[in-house]
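>>> Okay, predicted coordinates and the sequence, questions at the end:
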Amino acid sequence: MTGRIPTTIITGFLGAGKTTLIRHLLGNTNGRRIALIVNEFGDVGVDRDLLTDCGEEACRPEDVVELANGCICCTVADDFIPTMTMLLARNPAPDHIVIETSGLALPQPLVRAFNWPEVRAKVTVDGVVTVIDARAVADGRFAEDEAAIATLREIDPNLDHDSPLHELFEDQLSCADLIILNKTDLVDADELARVTQIVSEEKRPAAQIVRSVRGRLSSDVLIGLGIGAEDDAANRLSHHEQEGEAEHDHDDFESFVVAMPPIADPRGLSDKLIEAAGELAILRAKGFISVENKPMRLAVQSVGSRVDSYFDRPLREGERGKGHLVIIGLKGLDRQAIADKLGGVVH
């Protein structure tokens with residue numbers, strides 16, 4: 001791998017903590033010049049803003065490239081290859097590249113893309129890192145009722161009863177070289193042992209598991225693995241590929257934006273998001289809100305019934321009074337009901 005730029009692919013389901021992990025990494029680069037490619041599912045990106053506003057020298061806007069409105073695993077030729085070509089043409093070139101995939105992306109097609117001649121000559125996959133939300137796994141969000149599925153398949157073996165959440169969980173684990181059990185502060189010892197067992201049953205034998213709280217890990221743990229995953233791409237098949245299906249899509253999921261007016265009570269918004277998650281099947285919400293009589297921007301992140309909000313930086317010119325939330329869920333979301341619940345307008 002001498003002379004090739006190492007690249008780390010960071011994957012994991014919606015809300016697992018990928019962006020937080022990367023923010024911590026950028027604060028501990030040990031002098032490395034790191035370029036970031038951030039991919040989001042939906043028209044409006046949030047993660048790039050969170051990264052470029054992190055206050056670290058390594059978070060310069062010019063070093064963060066956003067690929068929005070799609071999943072990088074489905075747009076390799078149109079989005080990924082041109083972006084890599086652009087990064088590789090920089091002088092000086094980055095010392096390391098980090099790719100944060102969408103929470104709905106499969107890492108397998110992306111790993112194979114590193115075998116394209118124009119990429120392979122200059123870049124290698126240092127490792128695939130999958131971030132797991134330990135609390136979500138403990139709560140059974142990715143589990144299937146195996147007994148019920150077996151019964152249905154006895155009736156009709158041709159029926160596909162696999163959960164789209166479980167498929168993504170399998171695929172993101174089966175490609176990983178390093179698995180981060182994140183948010184371990186939200187589970188007790190017994191739950192953590194059970195989550196570790198579940199992950200161990202799904203992962204590749206060679207993949208290592210480490211634990212973290214809010215993605216606080218040394219950069220030496222995450223980068224410098226030296227795996228060269230593109231050379232092993234044939235052994236990293238996705239669920240669809242194992243079933244003999246040529247393509248992967250995201251028809252099971254959808255995303256839309258709710259334009260939000262200024263709010264008076266951040267706690268009240270958190271309560272509404274928790275109610276909407278339970279009543280209206282929201283998987284993920286994230287965005288920025290303007291709070292009345294506050295000069296700071298409120299960053300909001302929710303996963304199911306868990307909501308995290310904090311003032312991340314001062315409002316800039318033109319931002320006061322404006323806000324938005326990106327909503328992601330399974331296909332069939334009642335967009336108007338969700339917007340009404342949150343007090344916003346479908347954008």
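That came in fine, so what should we check first? Numbers count the residues shown, from 1 in each chain.
>>> Does Ile289 lie in a helix or a strand, and which?
Counting by DSSP states H and E, the element that carries Ile289 is strand 282-290.
>>> And the strands in this protein?
In order along the chain, the chain carries the following strands (DSSP state E): 5-11, 34-39, 64-67, 96-100, 123-133, 178-182, 208-211, 253-259, 282-290, 296-303, 306-314, 324-330, 345-346.
>>> how does the protein divide into domains?
Per automatic domain parsing, the structural domains of the chain span 5-242, 253-346.
>>> Mind listing the strands the strand holding Ile289 pairs with, and their directions?
Paired with strand 282-290 in the same sheet, following DSSP bridges, are strand 296-303 (antiparallel), strand 324-330 (antiparallel).
>>> picking up where we left off before, rebuild the strands of the chain as CSV, extending it with distance to Glu201 and mean pLDDT.
Bear in mind the C-beta positions are built from the backbone N, C-alpha and C, glycine included. Output for the strands of the chain, formatted as CSV (distance: least, CB to CB, whole Å; pLDDT from 0 to 100):
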stretch, distance to Glu201, mean pLDDT
strand 5-11, 19, 94
strand 34-39, 28, 85
strand 64-67, 32, 68
strand 96-100, 26, 91
strand 123-133, 13, 95
strand 178-182, 12, 97
strand 208-211, 12, 96
strand 253-259, 25, 90
strand 282-290, 23, 92
strand 296-303, 23, 92
strand 306-314, 25, 90
strand 324-330, 25, 90
strand 345-346, 41, 94
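>>> In TSV: the ones you listed, plus mean neighbour count.
Shown next, in TSV, are these (neighbours: other CB atoms under 10 Å):
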stretch	mean neighbour count
strand 5-11	25
strand 34-39	25
strand 64-67	21
strand 96-100	25
strand 123-133	26
strand 178-182	25
strand 208-211	15
strand 253-259	19
strand 282-290	23
strand 296-303	21
strand 306-314	15
strand 324-330	22
strand 345-346	14
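>>> Leu237 is nearest to which of those?
Shortest separation from Leu237 across the strands of the chain is recorded for strand 123-133, at 13.5 Å, computed as CB to CB.
>>> and the closest one, what does it pack onto?
Under the contact criterion of 3 or more CB pairs under 8 Å, 6 or more residues apart in numbering; DSSP states H and E, strand 123-133 touches strand 5-11, helix 107-113, helix 164-174, strand 178-182.
>>> which stretch among these comes nearest Pro262?
For the helices and strands packed on strand 123-133, distance to Pro262 was read as CB to CB. The smallest value, 32.1 Å, belongs to strand 178-182.
>>> contacts for the closest one?
The contact list for strand 178-182 (CB atoms under 8 Å, 6 or more residues apart in numbering) reads 12, 16-17, 21, 127-134, 173, 192, 195-196, 199, 203, 207-215, 217, 221-222, 225.
>>> about what we covered before: quick one: which of the domains of the chain has the weakest pLDDT on average?
Here the lowest mean pLDDT among the domains of the chain goes to domain 5-242, at a mean of 81.
>>> about what we covered before: want to throw the strands paired with strand 282-290 into JSON lines with distance to Trp116?
Shown next, in JSON lines, are those (distance: least, CB to CB, whole Å):
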{"stretch": "strand 296-303", "distance to Trp116": "34"}
{"stretch": "strand 324-330", "distance to Trp116": "30"}
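>>> now for these, which one comes closest to Asn28?
Among these, strand 296-303 sits nearest to Asn28 (CB to CB), with 21.2 Å.
>>> contacting residues around the closest one?
14-15, 50, 133, 136, 266, 269-270, 273-274, 277, 282-291, 307-315, 319, 323, 325.
>>> one more time with 7 Å, if that's ok
Residues outside strand 296-303 that contact it (CB atoms under 7 Å, 6 or more residues apart in numbering): 14-15, 50, 133, 136, 266, 269, 273, 277, 284-289, 291, 308-315, 319, 325.
>>> Thr130 contacts Thr8, doesn't it?
No. Using CB atoms under 7 Å, Thr130 is not in contact with Thr8; the gap is 11.4 Å.
>>> Quick check, Ile327 in contact with Ala285.
Yes. Using CB under 7 Å, Ile327 makes contact with Ala285 at a distance of 5.3 Å.
>>> How about the contacts made by Trp116?
Ile81.
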